[in-house]
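*Asks:* predicted coordinates and the sequence they were generated for:
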Amino acid sequence: MLGCSPEPTTSLPQLLTVSGVAQHIELPKSQASVGRSMLRLSDGRSVAAMVRALPSGGWVVALYDLGAIMSEDDRQSSDPVTSLLNREAFKRELARALTAKQSFVLFAIGLERFRQINDALGAGVGDALLRKVGDRLHSLVSTEDVIGRLGYDEFGLIRRGIASNDDIEIEGKRIVELIARAYAVEGHILNISASVGIARPAGQPGEDGLMGHANLALIEARAEGIGTCRLFVAAMADRLQERRRIELGLRRAMALKQLELHYQPQIHLRSGEVVSFEALLRWRREDGSFISPADFVPIAEETGLIVPIGDWVIRTACYAAARWPLPAIVAVNLSAQQFRGEGLVNTVVSALANSGLDPARLELEITESALLDDTAAVVGTLQSLRALGVGIAMDDFGTGYSSLSYLQKFPFDKIKIDQSFVRQMNGNAEAKAIVSTIASLGATLGMKITAEGVETQDQLAEIRERGCDYVQGFLTGRPMTAEAACKLLVDATLEDMRINRGT
Ligand code: C2E
Ligand code: MG
Ligand code: MG
């Protein structure tokens, strides 16, 4: 103890396991209560301060050097990096709050982009950043609340005194906003963000159940995008079941070879020729019907299955295109996860070598979400792919919020205008203006423009008038089997021969 009077009447262990930089001492709310604060000294020691008001006026402050008085139990309860409660100890606090039937809200806070910073700048910087996140959470809450580090980049918060769902969401947004402010760590200015899953004790979920609920809400928040807060609702558990069912089915489908590629033609507007096909993943059920990639690709992405599936897509598409009778391009969609690690470039190199496909006949489509993660690393991978002679297209252009900055960061060969703009063009001046603007942007930047989702002659006339180069849509050809795509090209070849012979 650094200084003392009177002896603490409340036990300290809860304080011992938290850390903070509240470099002020919180005063008690009434004479009967004790104010508690955590101070971090410049030599790194954590100090617990307890303040009691004296009846005669004034205060008594007791300071405890936590390192000196921490018991073995306390040490086992705390996360060694942040000194916050570890997962087990946090769960015990949660169980205590549930048993005491206290009113509280549980927040599961997931950091975004922490892994990249930790990998790039080392664990020293990563640990210091985690401590700062813990400190910020402390600055937000009262000493009644409990903070823990639940996993590599996950924190938990048991917060008392919030009643309505509106207040809960406001609190969640405050957490997101606070964590998103820049950090200065060892000479680096670092930016991370957070997603938040929130759960309230309802029914009798138990501590594991309640943490499961908050975690489910966090998964949904993360899936919706960085910086999102979600409050748990029962439908989330149903969606998880459904996701698990699809994940298991997808693993089975890979083993049973139930995945296949269909190919949708892309037409050169000026010549009317089929110049390329986009390879689109299909999952054939046992009854012969297909499950749409919109339903299973996001789950494959969440579970990491998209990496082996994506490898298979690249190899299969290259193999098919190498056997076409005309040198049409094959376009393959990539997911953000495929850019993590070293595998993608190697997969493309070996798929090209094994199939014998000219690299100029392979085009890789990426969406902005791939660039969001870690733009510099992704741009580096794109440059390596470009160096192989492969084309790179920006898919679904216009749906993200900062596409223009990405166009500056990487010289795409092609921009595919998202079908939502094409669909809205009928009679909608804004959508027409957007398509015109993207087309002239492409012309200025030397990038070709494809309009996606063209279904009617009117839409075709509109996009032609606005200067697009290529069209892809149900009007000019639906996705078709590999055999049908091959036949389309054979027919085009025969047609060419007929024209040349003048027959
Ligand atoms: P995308 O890459 O933008 O592909 C175009 C989607 O639009 C395809 O849907 C295609 O069938 C559909 N489409 C084309 N023309 C029209 C039209 O005129 N009207 C309408 N309503 N739709 C049209 P699909 O095949 O369901 O694929 C959906 C998305 O799934 C793709 O969007 C792509 O993001 C993803 N996806 C498909 N295959 C793969 C793959 O192999 N890997 C990855 N990572 N994602 C894939
Ligand atoms: Mg695509
Ligand atoms: Mg698209």
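*Replies:* Thanks, I have it. All of these numbers come straight from a predicted model, not from anything done at the bench. Ligands and ions are numbered 1, 2, ... in the order given.

*Asks:* for Glu368, see how far away Asp496 is.
*Replies:* When Cβ to Cβ, to the nearest Å is the yardstick, Asp496 and Glu368 sit 38 Å from each other. Every C-beta, even on glycine, is put in place using the N, C-alpha and C of the backbone.

*Asks:* likewise Gly356?
*Replies:* With Cβ to Cβ as the criterion, Gly356 and Glu368 are 33 Å apart.

*Asks:* all helices for the stretch 1-150 of the chain, in order.
*Replies:* In chain order, the stretch 1-150 of the chain shows helices spanning 13-16, 66-69, 72-77, 87-99, 114-121, 123-140, with DSSP state H, counting those that start in this stretch as the criterion.

*Asks:* one more: the stretch 351-500 of the chain?
*Replies:* Secondary structure of the stretch 351-500 of the chain, counting by DSSP H, counting those that start in this stretch: helices at 368-373, 375-387, 403-409, 419-424, 429-445, 457-465, 482-501.

*Asks:* and Ser78, how many residues sit next to it?
*Replies:* Burial measure for Ser78: 22 neighbouring residues, criterion other Cβ atoms under 10 Å.

*Asks:* repeat for Gly206
*Replies:* Per other Cβ under 10 Å, the neighbour tally for Gly206 reads 14.

*Asks:* quick one: pLDDT of Ala108?
*Replies:* Each residue has a pLDDT score; the one for Ala108 is 97.

*Asks:* roughly how far apart are it and Phe90?
*Replies:* Between Ala108 and Phe90 the computed distance is 11 Å (Cβ to Cβ).

*Asks:* residues contacting the residue lying closest to Val275 once chain neighbours are set aside?
*Replies:* Leaving aside its chain neighbours, Val275 sits nearest to His268 (4.7 Å; criterion: Cβ to Cβ, 6 or more residues apart in numbering). Taking Cβ atoms under 8 Å, 6 or more residues apart in numbering as the contact definition, His268 lies against 275, 469-470.

*Asks:* neighbour-wise, which of Asp496 and Glu368 wins?
*Replies:* Under the criterion of other Cβ under 10 Å, the comparison of Asp496 against Glu368 puts Glu368 first, with 20 against 12.

*Asks:* can you list contacts of stretch 430-441?
*Replies:* By Cβ under 8 Å, 6+ apart, stretch 430-441 touches 397-398, 407, 415, 417, 421-422, 424-425, 447, 449, 451, 462-463, 466-468.

*Asks:* which residues touch Cys229?
*Replies:* Each residue near Cys229 by Cβ under 8 Å, 6+ apart is listed here: 169, 172-173, 175-176, 195-198, 221.

*Asks:* what about stretch 286-295, distance to the chain center?
*Replies:* Put simply, stretch 286-295 sits 25 Å off its chain's centre (Cα atoms, centre = their mean, to the nearest Å).

*Asks:* same question but for stretch 169-180, I mixed them up
*Replies:* Distance of stretch 169-180 from its chain centroid, counting by Cα atoms, centre = their mean, is 18 Å.

*Asks:* who's in contact with it?
*Replies:* With Cβ under 8 Å, 6+ apart as the contact definition, stretch 169-180 has outside contacts at 105, 107, 109, 111, 133, 136-137, 139-140, 157, 159, 162, 191-196, 198, 227-229, 231.

*Asks:* can you rerun that using 10 Å?
*Replies:* Counting by Cβ atoms under 10 Å, 6 or more residues apart in numbering, stretch 169-180 makes contact with 105, 107, 109, 111-112, 132-133, 136-137, 139-141, 155, 157, 159, 161-162, 164, 191-198, 217, 221, 226-231, all of which sit outside it.
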